[in-house]
Structure formats: C-alpha cells, structure tokens
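Undergrad: Sequence first, then the predicted structure:
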Amino acid sequence: MNESMTQAWPVSERARALHHQTLVWDAHSCLPIKAGVDISDLERHRASGIDYVSVNVGMDFNPLAQVTRVIATYRAWIAARPDKYVLAGTVGDVRRAKSAGKLAVSFDLEGSDMIDGDLDMLRLYRDLGVRQMHLAYNRDNAVGGGCHGADIPLSNFGRKVVAEINRLGILMDCSHTGHRTSLDVMAVSTKPVIFSHTCVRKLWDHPRNIWDDQIDACAKTGGVVGVTGIGIFLGADDASTETMMRHVDYLVQRIGAEHVGIGLDFVFRRGADEYPEGMDFALWWPPQHRYVGRSNFVEPERMPLITEAMIKLGYPDKAIRGILGENFLRVAAETWSTN
Ligand SMILES: [Zn+2]
C-alpha cells in the first residue's frame with residue numbers, strides 16, 4: 001500500500017487489510033489513445049492497490065491504423081518495465097502479478113468497426129492482448145446498436161462476431177451497446193457476458209446506463225455488472241463515494257454480490273486523445289446527454305475507500321472481495337483462453 005494514498009483517503013485498518021489481501025480488478029480505464037504516448041499514469045493504479053486494469057485501445061471512430069499503433073505503444077511501454085507491469089493474457093498472469101506487486105494490464109476494444117468486417121481480425125486483436133470487447137460504441141454499426149442509436153437488433157454478422165468472441169476466449173462486454181442488441185448478445189452468447197463499465201438506469205436515467213432487464217439478463221449468463229465512477233452516469237455529475245455505493249448496492253440487492261464489480265472508467269488525462277480529422281464529437285457524445293463539460297470521476301486512489309464503504313454497508317468479506325475483483329476474475333477464468 002502506498003503512503004500518499006492512505007493519507008489522501010484515510011481508511012480503517014480492517015479496510016486496508018481487506019483491500020490489500022484482495023485481488024482488485026478495474027474492468028475499464030482510459031489511457032490516451034495516441035501513438036507514442038507516455039502511459040506512466042498507470043502507476044496511479046498500481047499505487048492504489050489495484051492489481052489488474054483493462055485499458056481501451058480504440059473506439060469505433062478510431063481508424064484501424066491508429067488502433068494498431070496504440071497497441072504497439074502500450075505493448076512496448078509495458079514490456080520495457082517488467083519489474084512493475086505485466087501484459088496479462090491469462091488469470092494465472094493476473095494472480096502472479098498480484099503476488100509480485102505488479103499491475104496486470106490487458107486491452108479492450110470499445111466497438112467493432114476496427115475489425116473492418118473481417119472475423120479473422122478478432123484473433124489478431126486477441127493475440128495482441130485484447131481480452132474484452134463490446135460491439136458498438138454509442139452509435140449503431142454493422143454489428144449492432146449503440147446506446148445512442150436507434151435501438152436496432154444484433155445483425156446476422158453480429159451473431160458471427162459474438163460466436164467468434166466466445167470461441168477465441170475474449171470477454172463479451174455490452175457497455176455502450178444499445179438495449180435491444182445487448183439483450184440479443186446475452187441471449188446468444190455461450191459464455192458469461194459482462195457490462196464492464198455502466199450504471200443503473202433506474203437510479204439515474206442516462207442512456208449509457210442499463211435497465212433492470214439488462215441487469216437480470218447479465219446475471220443469468222453468469223456475468224458481472226461493473227459500476228463506473230463517472231459522475232454524469234452516476235448522477236448529476238456526482239462522483240461521490242456515497243452515490244457510487246447506491247449503484248453498487250442496487251445491483252447487490254437485485255442480482256447478488258457475485259454479479260457485481262467495478263469498472264472505474266477513469267480517464268487519466270482528459271483531452272490527450274488523438275482524434276480522427278473532422279470527427280463529429282456531437283454524434284459520438286450527444287451534448288443533450290451532458291457529455292460536454294463533464295468533470296467528476298472516482299479516482300483510482302479512492303478504491304480503498306470503496307472497500308471501507310462496503311464494510312460500512314455490512315457486506316460480508318466474501319461479497320466485498322467478489323465486488324473488488326474476484327467476480328471479474330471468475331468470469332475471466334471461465335472465458336479467457338488462447339485457442
Ligand atoms: Zn467506455
């Protein structure tokens with residue numbers, strides 16, 4: 001545990017010990033999508049007692065060439081620092097990283113346009129370190145619907161994409177996906193389906209959040225719903241620990257603690273991404289949904305305080321350990337493979 005962290009967010013001895021023992025999993029955070037960038041901000045996760053983080057390497061608007069360059073940058077940076085970081089391909093890698101005090105990292109894709117209509121690209125991304133992906137980033141595409149789209153179903157090609165994601169052992173994620181497509185994915189997937197980073201729509205009506213039928217369907221697949229720390233999804237740009245816990249507790253009461261996790265969606269450096277020329281920001285992040293000027297996030301340093309908050313809610317240690325990371329670890333163990 002890091003001294004500066006415990007000073008910034010004082011927590012009880014019990015919370016500190018529980019947090020330290022537990023394998024802590026952040027199902028999604030965001031480094032700058034830019035070739036050649038320095039990603040030493042990852043140290044904030046490591047110093048906060050987080051053992052694994054999935055970072056995105058591209059969204060639907062990022063061209064294939066950029067996505068591959070970003071993967072090259074992240075891979076090289078991690079490979080140059082084997083004393084502190086591991087590119088994790090298996091749950092064994094994640095467990096070994098924790099034992100050695102290292103941060104395990106793998107990649108996720110936010111959308112599927114970067115496969116360019118070619119199922120074989122999924123294997124390539126998997127082999128380059130992608131362990132999680134969802135199908136559409138906010139807008140509809142050839143695979144299915146985005147959460148700010150027209151609520152279209154999963155396409156025939158989309159069914160093939162889901163089958164290949166299942167076969168290759170990549171975590172099937174439904175974050176950013178439209179309502180109908182997400183239900184279709186959960187009906188056809190042969191592996192547990194996750195929402196790596198979302199919130200409860202009944203508590204805060206934002207289209208990025210999910211309704212009870214999606215929550216229930218996710219649990220039925222054996223999956224996990226990861227709660228984000230983004231203020232505009234949690235509430236009125238409210239990233240307080242209390243508000244985040246309201247979303248966590250809603251899910252715990254509805255589907256059981258074994259189906260709940262955390263996907264902070266922390267953006268380490270806002271405004272550092274490189275965007276394609278002429279990109280229509282209002283299309284991808286409609287201003288009426290408050291994306292403009294969003295400001296509050298739950299920081300990685302606050303994770304021990306989340307542990308403390310769950311102790312205060314009276315959750316048993318087993319439930320807390322599950323939410324902090326062991327639930328996502330379980331689903332990864334059932335899913336990740338290198339076939
Ligand atoms: Zn996202």
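TA: Received it, and whenever you're ready, just let me know what you need.
Undergrad: Show me where the stretch 51-200 of the chain has its strands.
TA: Remark: strands assigned in the stretch 51-200 of the chain by DSSP state E, counting those that start in this stretch are 52-59, 85-87, 103-110, 130-134, 171-173, 193-198.
Undergrad: Neighbouring strands - and their directions - for the fifth one?
TA: Strand 171-173 pairs in its sheet with strand 130-134 (parallel), strand 193-198 (parallel), by DSSP bridges.
Undergrad: The first one to strand 103-110, inter-axis angle?
TA: I take that to be strand 130-134. 40 degrees (axes from the mean of the first three to the mean of the last three CA atoms, to 10 degrees).
Undergrad: Which residues does strand 130-134 contact?
TA: Residues outside strand 130-134 that contact it (CB atoms under 8 Å, 6 or more residues apart in numbering): 27-28, 54, 57, 88-89, 106-112, 125, 165, 170-177, 194, 196, 332, 336. Backbone N, C-alpha and C define where each C-beta goes, glycine included.
Undergrad: okay, now the nearest residue to residue 46 once chain neighbours are set aside: neighbour count?
TA: Leaving aside its chain neighbours, residue 46 sits nearest to residue 103 (4.1 Å; criterion: CB to CB, 6 or more residues apart in numbering). By other CB atoms under 10 Å, 25 other residues sit near residue 103.
Undergrad: Check residue 261 too.
TA: 30.
Undergrad: Equivalent analysis for residue 211, please.
TA: 15.
Undergrad: In this structure it contacts residue 180, no?
TA: No. Counting by CB atoms under 8 Å, residue 211 does not reach residue 180; the two are 11.3 Å apart.
Undergrad: between those two, what contacts are shared?
TA: Counting by CB under 8 Å, 6+ apart, nothing touches both residue 211 and residue 180.
Undergrad: follow-up on the earlier one: just the strands of the stretch 51-200 of the chain: most buried one?
TA: Highest mean neighbour count of the strands of the stretch 51-200 of the chain: strand 193-198, a mean of 31 (counted as mean count of other CB atoms under 10 Å).
Undergrad: Please compute how far that one lies from its chain's middle.
TA: Strand 193-198 sits 7 Å away from the centroid of its parent chain (CA atoms, centre = their mean, to the nearest Å).
Undergrad: got the contact list for it?
TA: Contacts for strand 193-198 (CB under 8 Å, 6+ apart): 27-28, 54, 108, 132, 134, 171-175, 185-186, 208-210, 214, 217-218, 221, 223-228, 230, 233, 261, 263-265, 328, 331.
Undergrad: What about those residues, which are in helices?
TA: When DSSP state H is applied, the contacts of strand 193-198 are split such that 185, 186, 214, 217, 218, 233, 328, 331 fall in helices.
Undergrad: Report the spatially closest residue to the second one, excluding sequence-adjacent ones.
TA: Using CB to CB, 6+ apart and skipping the chain neighbours, the partner closest in space to residue 186 is residue 217 (4.3 Å).
Undergrad: Now do that neighbour against residue 174, distance only.
TA: As defined by CB to CB, to the nearest Å, residue 217 lies at a distance of 9 Å from residue 174.
Undergrad: quick one: common contacting residues for the two?
TA: Common neighbours of residue 217 and residue 174, using CB under 8 Å, 6+ apart, are 182, 186, 193.
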